[in-house]
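S.K.: any chance you could fold what I've pasted below:
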Amino acid sequence: MGEPTQDLLADGFDRLWTPHRMAYIKGENKPSSADAGEHCPFCQAPGAEGEDDLVVASGRNVYAVLNRYPYNAGHLLICPYEHVSDYVALDPATLAEFTAFTKRGIEVLARVSRPGGFNIGMNQGGVAGAGIAAHLHQHIVPRWGGDTNFMPVVAGTRVLPELLARTRELVAAAWDV
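M.R.: The predicted model follows:
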């Protein structure tokens, strides 16, 4: 595969290329069962390094990590370290920290990104829409007026105004302030 042909370059902004999303579309690195073990991205995230390190804050029982395939800039996930799929299975200490991290994530994103609102929630189980049902995680998605446009509907992709690495820097720096 060589350099892009002139035909690919000629259309300028008539096409928006998002090749990084192909891994998500194909389900790469997505565990196939509740017994995901070492292949679970949420079990691997706390140990990631370099550009794969999207963790913004770590607690005793849970951590906050940017979503690798965000719906919007700043899309944050709150995850227990324990590989558990059921919310009611969380012990009281983990549940309390899970809630505290969700609250703190909202506060930090409100200060750093100034969204007009948030979508907060989780999908427990594959039939409920969980992309990775094997490991419980809660979404915090910042929302702005007009952030839902034709791109997700027509092109099946999101347009993000900021690189994940920069978002991680901003959110991690603001977490303990």
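
S.K.: which stretches in this structure count as strands?
M.R.: For the chain, the strands defined by DSSP state E occupy 55-58, 62-66, 76-80, 117-121, 138-143.

S.K.: pLDDT at the residue nearest to Cys43 when sequence neighbours are not counted, what is it?
M.R.: Excluding its sequence neighbours, the residue lying closest to Cys43 (C-beta to C-beta, 6 or more residues apart in numbering) is His83, at 5.4 Å. Any C-beta I mention is one placed from the backbone N, CA and C, and that applies to glycine too. For His83, the pLDDT comes out at 92.

S.K.: how much space between His83 and Gly129?
M.R.: Distance of His83 to Gly129, given as C-beta to C-beta, to the nearest Å: 20 Å.

S.K.: neighbour count for the two, which is higher?
M.R.: His83 (18 against 11; other C-beta atoms under 10 Å).

S.K.: so the more buried one makes contact with Cys40?
M.R.: Yes - the criterion here is C-beta atoms under 8 Å, and His83 meets it with Cys40 at 5.9 Å.

S.K.: mutual contacts of these two, please.
M.R.: Jointly contacting His83 and Cys40 under the rule C-beta atoms under 8 Å, 6 or more residues apart in numbering are 134-135.

S.K.: what's the end-to-end length of stretch 60-79?
M.R.: End-to-end distance of stretch 60-79: 11 Å, with C-alpha to C-alpha, to the nearest Å as the criterion.

S.K.: sorry, wrong one. I was asking about stretch 80-99.
M.R.: Note: stretch 80-99 ends 11 Å apart using C-alpha to C-alpha.

S.K.: next one: stretch 53-73
M.R.: Its first and final residues considered, stretch 53-73 spans 16 Å by C-alpha to C-alpha.

S.K.: try stretch 78-91
M.R.: Stretch 78-91 has an end-to-end distance of 15 Å (C-alpha to C-alpha).

S.K.: and it, what's buried?
M.R.: 78-81, 83-85, 90 (16 or more other C-beta atoms under 10 Å).

S.K.: want to try TSV for those residues, with distance to Ala165 as columns?
M.R.: Formatted as TSV, these follow (distance: C-beta to C-beta, whole Å):
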residue	distance to Ala165
Ile78	20
Cys79	20
Pro80	25
Tyr81	23
His83	27
Val84	29
Ser85	30
Leu90	30
